[in-house]
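A.B. asks: Structure, please.
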Amino acid sequence: MMTYDDFRAEMANYRLAIINKAVMEKEANNSFQYLRDLFDRFDENEWGMAERVLVQWLQSDDSSLRRDALYLVDGCRVVSALSAVKELAERLSKMSFPKGRFEEVLRTDELRKADEVREKLEFVELYERSDSKVRHKLDQELIERLHSNDYWVRSRALVLIHFYKIASAIRSLQELQARLGAQIDPMAQSQLRKVRSVLAEMTAES
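C.D. replies: Below you'll find the predicted structure:
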């Protein structure tokens, strides 16, 4: 059986290999999908070790390593990494660079992502241990967020509604689709495509 140190080294080597592959393909975002595909193949023992690796990545001084960890923790709903995500957000909030510097732009973006992942994981943790009555209230809370004027609030709600297949949100999703359809800015149009995709999947299953 592979030891944790061997497993951690294997993950690090695999990550570097897929980054190089993505660069060769001139599709940097492919590296995220390759990492996600790897996680989907892990058995229970490997998954437990992978969670520990992700926590270590979140604690790294390498921002690209932390970025990949945040992506995986978010996409795979790794609730066990919640404390590490909170620590990262606190660490980033205490850092600062001169306004306009590229480092400050990266810090701000990473902090937003860390806060977003933290909020999602806290919701997932609460949702998973709640009974049907509490879940119904949480469903309604997410639906209310779809009506927000804040893009990121809607975005986070949309991800969780999709993840939990909250059928009672379909009407609000349809209303959001109509609202976004009347807007021309790129972010609204990007969210519109996501809403359409979620609606198509959820209505097909209902």
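A.B. asks: Pick out the residue closest to the middle of this protein.
C.D. replies: Against the mean C-alpha coordinate of the chain, by CA atoms, centre = their mean, the closest residue is Asp74 at 3.1 Å.
A.B. asks: Can you name the residues that contact Phe7?
C.D. replies: Counting by CB atoms under 8 Å, 6 or more residues apart in numbering, Phe7 touches Glu46, Met49, Ala50, Val53. Any C-beta I mention is one placed from the backbone N, CA and C, and that applies to glycine too.
A.B. asks: one more time with 7 Å, if that's ok
C.D. replies: Each residue near Phe7 by CB atoms under 7 Å, 6 or more residues apart in numbering is listed here: Met49.
A.B. asks: List the buried residues of the strand or helix carrying it.
C.D. replies: In this assignment (DSSP states H and E), Phe7 forms part of helix 4-25. By neighbour count on 16 or more other CB atoms under 10 Å, the buried set for helix 4-25 is Phe7, Arg8, Met11, Arg15, Ile18, Ile19, Ala22.
A.B. asks: Look at the fifth one and report its pLDDT.
C.D. replies: Think Ile18. What the model reports for Ile18 is a pLDDT of 87.
A.B. asks: My read is that it contacts Gln33, right?
C.D. replies: No. Under the criterion of CB atoms under 7 Å, Ile18 makes no contact with Gln33, lying 9.1 Å away.
A.B. asks: which other helices and strands contact whatever helix or strand Glu144 lives in?
C.D. replies: Counting by DSSP H and E, the element that carries Glu144 is helix 132-145. Where contact means 3 or more CB pairs under 7 Å, 6 or more residues apart in numbering; DSSP states H and E, helix 132-145 is packed against helix 102-128, helix 151-164.
A.B. asks: Sounds good, over and out.
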